[in-house]
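*Asks:* sequence and predicted model, in that order:
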Amino acid sequence: MTHAPRIPLPESSLVERVASRVLASAVGPHQYLTLPHLVRLFQEAAMRNTDRLGISTPELMRRFDLTWVLHRQLIVAQRWPSLGEEVSVLTVPTRVERGLVTIRDFYLLDAEGRPMITSTTAWSVMNTASRRIKPLPTAIHDLLKDLPPPERHLPWPPHKVIAAEEVDRERSFRVAFAHLDFNNHLTNPAFAELMVEPLGADFLTHHLPRRAELAYHREARYGDRLTAGSFPEPDAALAFRHRLQRGDELLAAMETEWMPR
């Protein structure tokens, strides 16, 4: 895989940059960072950023009984870092839509600061008691005044994520304690982790995601029995639609495209 070309990075006082290294616990048998661990890296950087800005989930829970929830995530990869490689995550909120949704961009950078993987995400705040989406508090709007200009935003996906209507392979799981986050529901990285499993170990060992787009619809709780299924796109090689369900209830959908490693 070739190095990604340089692209303009966002400039703003809201930017957070977190240095890291690809650890053994974050790679698969192919020795590359895995998709769910990439989501974890991004989520940790977002937590660092919101903590510095005073709008982290613990702070929102204390002040407003609110917590951040992820609705949508697009990931585009030029190349994947391997075991031991020095990387950094750059993240910044880029805009607020309708007073309800914050768009946040992420960049996974190599040691020279070149983007390898980019991601754009949509977040809202949810009341911890009612589990309903609420308008963003004024405290968040007041902080997000130094947003990057539109030309430094990552492109937003133009279409909805379509779940697989039928599947040709399935895996069943029960939500374990290790799958839960501090909101007491299935953590965001686990959605991707479970939805790629039907592709099988041989495929996942010999391929890396080129693109993954996820839509999170509903929560899952401890002990829930979930079923992940996938189906190949008929008109595209190495492309799949995925779904994660609890019975007949759709919890998440994902579209992926892959490249040989």
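*Replies:* Nice, thanks for sending it over. Numbering: from 1, shown residues only.
*Asks:* now do the phi/psi pair for the residue nearest to residue 92 when sequence neighbours are not counted.
*Replies:* Spatial nearest neighbour of residue 92, chain neighbours left out: residue 15 (4.5 Å); criterion: C-beta to C-beta, 6 or more residues apart in numbering. All C-beta atoms are positioned from the backbone trio N, CA, C, and that covers glycine. Residue 15 adopts backbone torsions of phi -70, psi 140, taken as degrees, to the nearest 10.
*Asks:* residue 15 is in contact with residue 88, isn't it?
*Replies:* No: using C-beta atoms under 8 Å, residue 15 is not in contact with residue 88, being 11.6 Å away.
*Asks:* beyond the longest helix belonging to the chain, next helix or strand please.
*Replies:* Assignment by DSSP state H gives helix 35-53 as the longest helix of the chain. Sequence-wise, the next helix or strand downstream of helix 35-53 (DSSP states H and E) is helix 57-64.
*Asks:* now the angle from that following helix to helix 35-53?
*Replies:* Here the directions of helix 57-64 and helix 35-53 differ by 50 degrees (axes from the mean of the first three to the mean of the last three C-alpha atoms, to 10 degrees).
*Asks:* going forward, the N-terminal residue is numbered 37.
*Replies:* Yes, from this point I'll number from 37; that puts the last item at helix 93-100.
*Asks:* buried stuff in the helix or strand that comes right after helix 93-100?
*Replies:* Downstream of helix 93-100, the next assigned helix or strand under DSSP H and E is strand 102-113. For strand 102-113, the neighbour count (16 or more other C-beta atoms under 10 Å) marks 102, 103, 104, 105, 106, 108, 109, 110, 111, 112, 113 as buried.
*Asks:* repeat that for stretch 111-131.
*Replies:* 111-117, 121, 123-130.
*Asks:* out of those, who's nearest residue 250?
*Replies:* Distance ranking of the buried residues of stretch 111-131 against residue 250, using C-beta to C-beta, places residue 111 first at 8.0 Å.
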